[in-house]
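Trainee: quick one: sequence and predicted model below, then my questions.
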Amino acid sequence: MKKIGIIGTGYVGLVSGAGISDFGHKVICADIDKEKIKEIKKGNILIFEPGLKEIIDRNVKSQRLSFSSNIENTIKQSDILFIAVGTPESASGKADLTYVENAALKIAHNLNSYKIICTKSTVPVGTGKKIKEIINKNKPSAVLFDYVSNPEFLREGSAVKDFLWPDRVLIGCENNKTYESMLDVYRPLFRNKKPIIKTDIATAEMVKYASNAFLALKISYINEIANLSEALGCDIKKVADLMGQDGRISPKFLHPGPGYGGSCFPKDTKALSNLAKQENIPLETVNAAIKANIYQKKRMFSKLKALLKNRVKGKTIAILGLSFKPNTSDIRESSAIEIIKSILKEGGIVKAFDPISNNEMKLIFPDIKYFSDWEKTVDNADCMVIMTEWNEFRSLDLKELKNRLKKPIIFDTRNIFDQNKLLELGFSFDTVGRKKIINY
Ligand code: UGA
């Protein structure tokens, strides 16, 4: 059993802390935000993540997992420290490393014995080197440490599952002794034959950015092919499905939609692009993915407007789904924000519903009406728009939907409805990448 300290209790810190304690280690999750720690200790984990509360409760009960706002003590009591603080986007598009550097400084000042310092936050290539320099400059000279880059590949909405059953774990480090210690942390995965791979520090850092940027690129690519399919009369669902059957392409992340959002892809693609600019290396594919995504988000409103025959002013539009994807309350960079903004700007009226993120959206749009079910949201609306593919929307009763709407008009930005059924019921509708039907 190792004694582990996690600095930062956001998505990555909390899920990693809970997961590592579930592997049998003693974990303290620490955060400078005293209020947050107070709430977590009371059992309010503040983020919606399937399975997270259960795994936290289980490990708190068995006394393997605890929470603290005393970072100094957490550092002193740990053999291995994970840095899992935020790396937000700075005004220039670069990753803001202030929190990471502060954490490194605090670790250096409280380094009372040999420890492994491991970064989980997504940081630009070269940050590990910087962190090592900060710690070396500020630590007591007699105490030693080793550094590890151990990036996370968690997806919001399935983060617990991703942590416990990862495709691979990367250990970017400089010697075998450190690698062996990290293998001990992840030992239960090792038994499940999950690859735990040793690389150098910079390679591990790069794999994280390159993976996120690649997935973002894949989405932007299928979105552009979807837009072209609309123009040429092809069905993107069939196109993507058949492309995905080629093992080299795979069907994953090949779902067209209203543009990618969340706290990772938009920020990480920009950070990687900035890193390339700094090195004077062209990274045109990633730049194009960023540009295509901005366009895709804007395109959603143009499509809605066309579906409403250019008459948005005074129209009531029901928006179903506000989070950037299902199973999360996170609305950061959600495409719903962009479309709501445009509807309001053109004088439209918005009624909105998300199974869990209404409160989050209220902070951005306090004046629109929010509802607690889809039925009331669509009542008497001129049009219904699906922005997030929550499961409960997939199975909603289309006949009832038609009766409740003022006019049977749907914009399905996630392609969740059966077009034949919509046709049969006499809906006018648009999608992303499929034929548009306007029959009113
Ligand atoms: C992403 C990566 O998938 C994780 O591997 C990574 O660890 C994480 O970022 C991170 O860096 O922390 P996440 O942002 O939680 O995870 O969400 P994704 O499931 O990747 O979805 C991102 C966006 O792409 C969403 O807006 C989603 O709707 C969109 N998307 C995804 C599509 O439009 N089409 C797809 O086929 C897949």
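Mentor: Done, it's in. The structure displayed is predicted, hence computed values, not measured ones.

Trainee: return the helix or strand in the protein with minimum mean pLDDT.
Mentor: helix 187-191 (a mean of 79; mean pLDDT, DSSP states H and E).

Trainee: quick check: next helix or strand after it?
Mentor: strand 196-199 (DSSP states H and E).

Trainee: what is the mean pLDDT for that next one?
Mentor: For strand 196-199, the mean pLDDT works out to 95.

Trainee: who in this protein is up against the ligand?
Mentor: Applying CB under 6 Å from any ligand atom, we find that the chain lies next to the ligand at 122, 152-156, 212, 215, 219, 253-255, 257, 260-262, 264-265, 324-325. Backbone N, C-alpha and C define where each C-beta goes, glycine included.

Trainee: just the residues you listed: which are in strands?
Mentor: Residues of the residues of the chain next to the ligand located in strands (DSSP state E): none.

Trainee: these, buried ones only, as a ChimeraX selection?
Mentor: Selecting only the buried entries of the residues of the chain next to the ligand in ChimeraX, with 16 or more other CB atoms under 10 Å as the criterion:
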select :122,152,153,154,155,156,212,215,219,254,255,257,260,261,262,264,265,324,325
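
Trainee: in helices, which of the residues of the chain next to the ligand fall?
Mentor: Among the residues of the chain next to the ligand, the residues falling in helices (DSSP state H) are N212, L215, I219, F265.

Trainee: I'd guessed the third one sits against Y260; true?
Mentor: Put plainly, it is I219. Yes. Applying CB atoms under 8 Å, one finds I219 in contact with Y260, separated by 4.9 Å.

Trainee: what do those two both touch?
Mentor: Shared contacts of I219 and Y260 (CB atoms under 8 Å, 6 or more residues apart in numbering): N293.

Trainee: how about the contacts made by I290?
Mentor: Per CB under 8 Å, 6+ apart, neighbours of I290: A216, S220, P266, T269, K270, S273.

Trainee: kindly recompute the last result at 7 Å.
Mentor: Residues counted as contacts of I290 (CB atoms under 7 Å, 6 or more residues apart in numbering) are T269, K270, S273.

Trainee: ok, those residues vs G86, which is closest?
Mentor: G86 has its nearest neighbour among these in K270, at 15.2 Å by CB to CB.

Trainee: can you give me the buried ones in the helix or strand hosting that closest one?
Mentor: For K270, the host element (DSSP H and E) is helix 265-279. For helix 265-279, a neighbour-count test (16+ other CB under 10 Å) marks F265, P266, K267, D268, T269, K270, A271, L272, S273, N274, L275 as buried.

Trainee: hang on, the last one packs against V123?
Mentor: Put plainly, it is L275. No. In this structure, L275 is not within contact of V123 by CB atoms under 7 Å, at 10.7 Å.

Trainee: pLDDT weak spots in the stretch 301-440 of the chain?
Mentor: The model of the stretch 301-440 of the chain has no residue with pLDDT under 70.

Trainee: tell me which residue of it lies closest to the ligand.
Mentor: Nearest to the ligand in the stretch 301-440 of the chain, going by CB to the nearest ligand atom, is K325, at a distance of 3.9 Å.

Trainee: repeat that for the stretch 51-200 of the chain.
Mentor: For the stretch 51-200 of the chain, CB to the nearest ligand atom, closest residue to the ligand: E156, 3.5 Å.

Trainee: that residue reaches D330, doesn't it?
Mentor: Yes. Using CB under 7 Å, E156 is in contact with D330, at 5.7 Å.

Trainee: need the overlap of contacts for these two.
Mentor: G262.

Trainee: quick one: the host helix or strand of L183 to chain centroid distance?
Mentor: For L183, the host element (DSSP H and E) is helix 176-185. Centre-to-centre, helix 176-185 and its host chain are 29 Å apart (CA atoms, centre = their mean, to the nearest Å).

Trainee: if we look at it, which residues are touching it?
Mentor: Contacts of helix 176-185 (CB under 7 Å, 6+ apart): 2, 20, 23, 25, 80, 116, 146, 148, 150, 171, 173, 190, 196, 198.

Trainee: so S342 sits right up against F301, yeah?
Mentor: Yes. With contact defined as CB under 7 Å, S342 reaches F301; the gap is 3.8 Å.

Trainee: picking that back up, do I have it right that the residue of the stretch 301-440 of the chain closest to the ligand meets W390?
Mentor: No. With contact defined as CB under 7 Å, K325 does not count as touching W390 (9.3 Å).
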